[in-house]
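S.K.: got a sequence here, can you build the structure:
(chains A and B)
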Amino acid sequence: MSNILVNAPKTAKRGEVVEIKALILHPMETGFRPGPNGRIIPRNIIERFTATWNGAEIFAIEMSPAIAANPFVSFFARADESGTVILRWTGDEGFAVEERVAIAVE
Amino acid sequence: MSARILCLGLVLVFAASYAMAQVGGEKRRSGYQDMGEALQKMQDDDTANPGMLFVQLGGQLWAKPAGAENKSCADCHGAAANSMKGVATRYPAIPHGADRPVDLEGRINLCRTENQKAERLPPENRDLLALEAYVAHQSRGMPIAPPYGPLLDAFRAQGEGIYRRRQGQLNLSCAICHDDNAGKKLAGIAIPEAHPTGYPIYRLEWQTLGSLKRRLRNCLVGIRAEAWPLDAPEYVALELYLMERAKGLPLETPAVRP
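M.R.: Numbering: from 1, shown residues only, chains lettered A, B, ... in the order given. Below is the predicted model of the structure:
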């Protein structure tokens, strides 16, 4: 069960630059904090976020332990053809989730 | 001559303050009005407000069976959009047959132990906060409407007593900051009027959703008082009084605060 909120336009004019915003529920545990028992809580962060438009990568970032919990990502892309944008988060403890958004270009 | 100018000046001052008092009419301020524009926009945009992630999670948990009865919230209450609309504006309240009030979080746990035959969720548990946020979100925009009754009023009076009582090493009461000095700055941060309009809130400092109880414990630690145990009735009494103070203000759940 993953919790993701995406804000992207459903339609765009050809050549228009659109903003895509995504928010994901994730603790982004740094790996530097001791827990209640004094032991270090193992690191659990999202390492990489990528976005593809019809399979071609349009945006990617590497995340670090300094990024706050529930990271919010916003980026711009030029709408050349109708298709599916796939947002993908991968990270520690085998974390891998995807969210698909369809954008129709007229 | 100078007396005349003084008189004229005073009349102008009265006229101006009278005119200002007419605008809106509502003098109480939610913490929303005291935060920056960027944070206000973050709260208003349902895809940028991180609290909405928990509302989404709460919606999933609402439909998920739990406990020995294997019943979900939805099995009894149906769609939350209908059954839970306005509920959060009336809490804390006294459940049927009980002798003391519970807050929304306590009510959810009662439902779990009595109807779902599930375990209580511990304080500040993510799922508990998510369910609470989901239920309270159904009342967003509705005015806070606390219930009344002899028993409830007695607890509310106790809450007001706590609010006005000096405590802790700094010897401060809630009222000294939040009534007498609200709107001024404390270490560069505006002191809010302490209206619990958006709980559970997404506090950036916490990087997660948190309950009013957590916020109250924050304040208690701040005035160097000993925080009550997590299940203490004092919190509910104080919540009762705070909701009475905020009566009529619109609910904002999930609110974002710095």
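S.K.: out of the helices and strands in chain B, which is least certain?
M.R.: helix B:2-22 (a mean of 53; mean pLDDT, DSSP states H and E).
S.K.: could you list the low-pLDDT ranges of chain B?
M.R.: Across chain B, the ranges flagged by pLDDT under 70 are B:1-24.
S.K.: residue numbers of it in contact with chain A?
M.R.: Listed as neighbours of chain A in chain B under the rule CB under 8 Å from any CB of the partner chain: B:45-48, B:50, B:52-54, B:56-57, B:60, B:204, B:207-208. Just so you know, the C-beta spots here come from the backbone N, C-alpha and C atoms, and that holds for glycine as well.
S.K.: pull the most distant pair out of those residues.
M.R.: B:Gln60 and B:Leu204 (24.3 Å; CB to CB).
S.K.: re the thing from before, in strands only, show me the residues of chain B next to chain A.
M.R.: Judged by DSSP state E, strands contain the following of these: B:Thr208.
S.K.: restricted to buried residues, select the residues of chain B next to chain A in ChimeraX.
M.R.: Only the buried entries of the residues of chain B next to chain A go into this ChimeraX selection, using 16 or more other CB atoms under 10 Å in any protein chain shown:
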select /B:48,50,52,53,54,56,57,204,208
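S.K.: can you list the residue ranges for strands in chain B?
M.R.: In chain B, the segments counted as strands under DSSP E are B:185-186, B:189-190, B:201-203, B:208-210, B:256-257.
S.K.: can you redo these as CSV with distance to A:Glu62?
M.R.: Output for these, formatted as CSV (distance: least, CB to CB, whole Å):
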stretch, distance to A:Glu62
strand B:185-186, 38
strand B:189-190, 33
strand B:201-203, 25
strand B:208-210, 24
strand B:256-257, 27
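S.K.: A:Lys10: which of these is closest?
M.R.: Within the strands of chain B, the stretch nearest A:Lys10 is strand B:256-257; the backing value is 26.0 Å (CB to CB).
S.K.: can you give the distance of that closest one from its chain's centre?
M.R.: Computed by CA atoms, centre = their mean, to the nearest Å, the chain-centroid distance of strand B:256-257 equals 12 Å.
S.K.: hmm, who's touching that strand?
M.R.: B:31, B:35, B:39, B:42-43, B:49-51, B:198, B:201-204 (CB atoms under 8 Å, 6 or more residues apart in numbering or on different chains).
S.K.: neighbouring contacts of stretch A:67-82?
M.R.: Stretch A:67-82 has contacts (CB under 8 Å, 6+ apart) with A:12-28, A:45-46, A:49, A:51, A:53-54, A:58-59, A:61, A:63, A:85, A:102-105, B:48, B:50, B:53, B:204, B:207-208.
S.K.: endpoints of it, how far apart?
M.R.: Stretch A:67-82 has an end-to-end distance of 33 Å (CA to CA, to the nearest Å).
S.K.: average pLDDT for it?
M.R.: Averaging pLDDT along stretch A:67-82 gives 94.
S.K.: for chain A, what's its nearest residue on the stretch 1-150 of chain B.
M.R.: Taking CB to the nearest CB as the measure, the stretch 1-150 of chain B has B:Thr47 as its residue closest to chain A, at 3.7 Å.
S.K.: grab the nearest non-local neighbour of that residue.
M.R.: Leaving aside its chain neighbours, B:Thr47 sits nearest to A:Asn7 (3.7 Å; criterion: CB to CB, 6 or more residues apart in numbering or on different chains).
S.K.: in strands, which of the contacts of stretch A:67-82 appear?
M.R.: Of these, the ones assigned to strands by DSSP E are A:12, A:17-24, A:46, A:49, A:51, A:53, A:58-59, A:61, A:85, A:102-105, B:208.
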